[in-house]
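Asks: fold the stuff below for me.
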Amino acid sequence: MAWKRLFAFCFLLSAFQAKLFAQTWEAGVSAGASGYMGDLNQQNPAKISGYNLGVFVQRNFNPYFALKLHYSHGEIAGADSTSGTQQFRDRNLSFKTKLDELSLIAEVNFMRYTPGAGRDRFTPYIFFGVGGLNYNPQATYSGVEYDLRPLMTEGQATPYKNMAIVVPFGAGIKYNFSNNCNIMFNAGYRYAMTDYIDDVSGAYAKKSSFSNPVAMALSDRSGEQTGVYIGTPGTQRGDYRSHDTYLFVGFTLSFTFVTANCYY
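Replies: Got it, this is the predicted structure:
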């Protein structure tokens, strides 16, 4: 009967798809540290200021190339009070930002890598991709934590967007330490299409432009300790660069769904 043939076809198709999934797919978790380069850290690209956690699913098309859908949650921070430069200590700004990133990342192995085959168990690799970032810079003032974006601390007419496109890129090494299990160490920067991950970008605004006293206080924090405020309207508050970047570095554990007829 037609319905029986249709049922048989669907069963064979689902079995084929399950086998294909088992031959080419990988899933895992990641954990590590985060850093940031921007207006409050202009010189140290390896400075760590937070953490990151992630989960991913990956398709391995062959022993050299894979595509990964990766979700990461992390936090970065910065404080002028810890700077070795007097100019930044005088500015006295600080922030912390929670990051939520969803990215599609391509991995390219330098050597043939075939988990579960008993051979080709190690390789360095590079990765690059594109993703979306949701971020929320905050600062503590008088013992209270404030979201900085709605305060418009540089006198913006409207709040800047809390989402941005990011470009991940970096390198790592991976090792298949048992039939299905892999461990990786990687480090990669994210080039963000925003300069407000740290809530700092351009110039000081006029104090008279703020109706919110908290926004006015957080726009210029230079005199909190000394009583001498340096935030003259129109003078430089940020570094005038158009983008911030952030770093994720850490370890990944993954499980490869391997069968006897795997992609290798």
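Asks: all the strands of the stretch 151-264 of the chain, residue numbers only.
Replies: All strands of the stretch 151-264 of the chain, identified by DSSP state E, counting those that start in this stretch, fall at 163-176, 181-192, 245-256.
Asks: ranking these by burial, who's on top?
Replies: strand 245-256 (a mean of 20; mean count of other CB atoms under 10 Å). For glycine as for every other residue, the C-beta is placed from the backbone atoms N, C-alpha and C.
Asks: give me the distance from it to the chain's centre.
Replies: Its chain's C-alpha centre and that of strand 245-256 lie 10 Å apart, by CA atoms, centre = their mean, to the nearest Å.
Asks: for the chain, which spans come out with low pLDDT?
Replies: Along the chain, segments meeting pLDDT under 70 span 1-23, 117-118, 258-264.
Asks: nearest to residue 72, of the strands of the stretch 151-264 of the chain?
Replies: Nearest to residue 72, of all those, is strand 245-256, at 6.3 Å by CB to CB.
Asks: other SSEs contacting the closest one?
Replies: strand 25-37, strand 48-62, strand 65-79, strand 181-192 (3 or more CB pairs under 8 Å, 6 or more residues apart in numbering; DSSP states H and E).
Asks: how about the ones you listed in a markdown table, adding distance to residue 173?
Replies: Below are those laid out as a markdown table (distance: least, CB to CB, whole Å):
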| stretch | distance to residue 173 |
| --- | --- |
| strand 25-37 | 14 |
| strand 48-62 | 16 |
| strand 65-79 | 15 |
| strand 181-192 | 6 |
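Asks: out of those, the one nearest residue 231 is which?
Replies: strand 65-79 (17.0 Å).
Asks: list the pairing partners of the closest one within its sheet, with orientation.
Replies: Strand 65-79 sits in its sheet next to strand 48-62 (antiparallel), strand 94-109 (antiparallel), going by DSSP bridges.
Asks: follow-up on the earlier one: could you save the strands of the stretch 151-264 of the chain as TSV and add columns showing distance to residue 221?
Replies: Shown next, in TSV, are the strands of the stretch 151-264 of the chain (distance: least, CB to CB, whole Å):
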stretch	distance to residue 221
strand 163-176	25
strand 181-192	24
strand 245-256	22
